[in-house]
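> sequence and predicted structure below; questions after.
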Amino acid sequence: GAGVSQTPSNKVTEKGKYVELRCDPISGHTALYWYRQSLGQGPEFLIYFQGTGAADDSGLPNDRFFAVRPEGSVSTLKIQRTERGDSAVYLCASKRGSSDTQYFGPGTRLTVL
Amino acid sequence: KQEVTQIPAALSVPEGENLVLNCSFTDSAIYNLQWFRQDPGKGLTSLLLIQSSQREQTSGRLNASLDKSSGRSTLYIAASQPGDSATYLCAVRYGGATNKLIFGTGTLLAVQP
């Protein structure tokens, strides 16, 4: 696969549960981004990784949200104690270090009942 | 606050028409601006990227212009086709190490056959 992949494509959970969303970036891309897109809105930045470290997590809405990228490739976005307001499409993007172009995955649609 | 606005929110045109989508941004100190296309259930596809020093970019039937001083960009689509139906998103990148994108809310385009 040449593109960014995200799993699962859809996730339905109950309020209060814990969820993990996975992103597989394009091989060799050092930068990885998570965005959240609510219905009728544009994507909003959550967090940026350069390699293994979170270089900018200023977009995470609160401490229930956390993301990791332990080996500098796959990233997992973790949401604790989910709330109905967390329902959205979570998008992942990756890019090469010096490039301007971010390549987006298809997203994970999260529904919190 | 750095905000990006797109008008109209939705647009329906008959096949063959030329059309213009608008994007405005509040902070003119941008690094670059991109136009994306989003199809349902799929990730974002980059259409055109304009650096802050450029005035326009063209790709096939698409032409994007940038006027930094007025905080505006337009995406011109010539001879629209039903396959152009999608949501079009404008995204601005400002300076800094993160390279995060600030997106508008998008324009939902429907081209009627």
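Good, I have the coordinates. Since the structure is predicted, the reported quantities are computational estimates derived from the model, not experimental observations.
> near chain B, which residues of chain A are found?
A:3-4, A:9, A:31, A:33, A:35, A:40-45, A:48, A:55-56, A:59, A:91, A:93, A:95, A:100-107 (Cβ under 8 Å from any Cβ of the partner chain). Every residue, glycine included, has its C-beta placed from N, CA and C.
> please pick the buried ones from these.
The neighbour-count criterion (16 or more other Cβ atoms under 10 Å in any protein chain shown) marks A:4, A:31, A:33, A:35, A:42-45, A:48, A:56, A:59, A:91, A:93, A:95, A:102-107 among the residues of chain A next to chain B as buried.
> tell me the residue in chain A that is farthest from the middle.
residue A:98 (21.0 Å; Cα atoms, centre = their mean).
> let me know the secondary structure of it.
coil (DSSP: H, G, I helix; E, B strand; the rest coil).
> nearest residue to the residue in chain A that chain B sits nearest to in space, please, no chain neighbours.
Closest residue of chain A to chain B, Cβ to the nearest Cβ: residue A:42 (3.2 Å). Spatial nearest neighbour of residue A:42, chain neighbours left out: residue B:103 (3.2 Å); criterion: Cβ to Cβ, 6 or more residues apart in numbering or on different chains.
> partners of that neighbour in the sheet?
Applying DSSP bridges to residue B:103 yields these beta-bridge partners: residue B:91.
> so it sits against residue B:90, correct?
Yes: here residue B:103 reaches residue B:90: they are 7.2 Å apart, a contact under Cβ atoms under 8 Å.
> list residues touching both of those two?
Counting by Cβ atoms under 8 Å, 6 or more residues apart in numbering or on different chains, the common neighbours of residue B:103 and residue B:90 are residue B:4.
> in terms of neighbours, single out the busier of those two.
Between residue B:103 and residue B:90, counted using other Cβ atoms under 10 Å in any protein chain shown, residue B:90 has the larger neighbour count: 28 against 24.
> look up the pLDDT of that one for me, please.
At residue B:90, the model reports a pLDDT of 97.
> next: residue B:97.
73.
> and the closest residue to it other than its chain neighbours, which of the three is it?
Nearest residue to residue B:97 in three dimensions, chain neighbours excluded: residue A:55, at 6.7 Å (Cβ to Cβ, 6+ apart). Of the three states, residue A:55 takes strand according to three-state DSSP.
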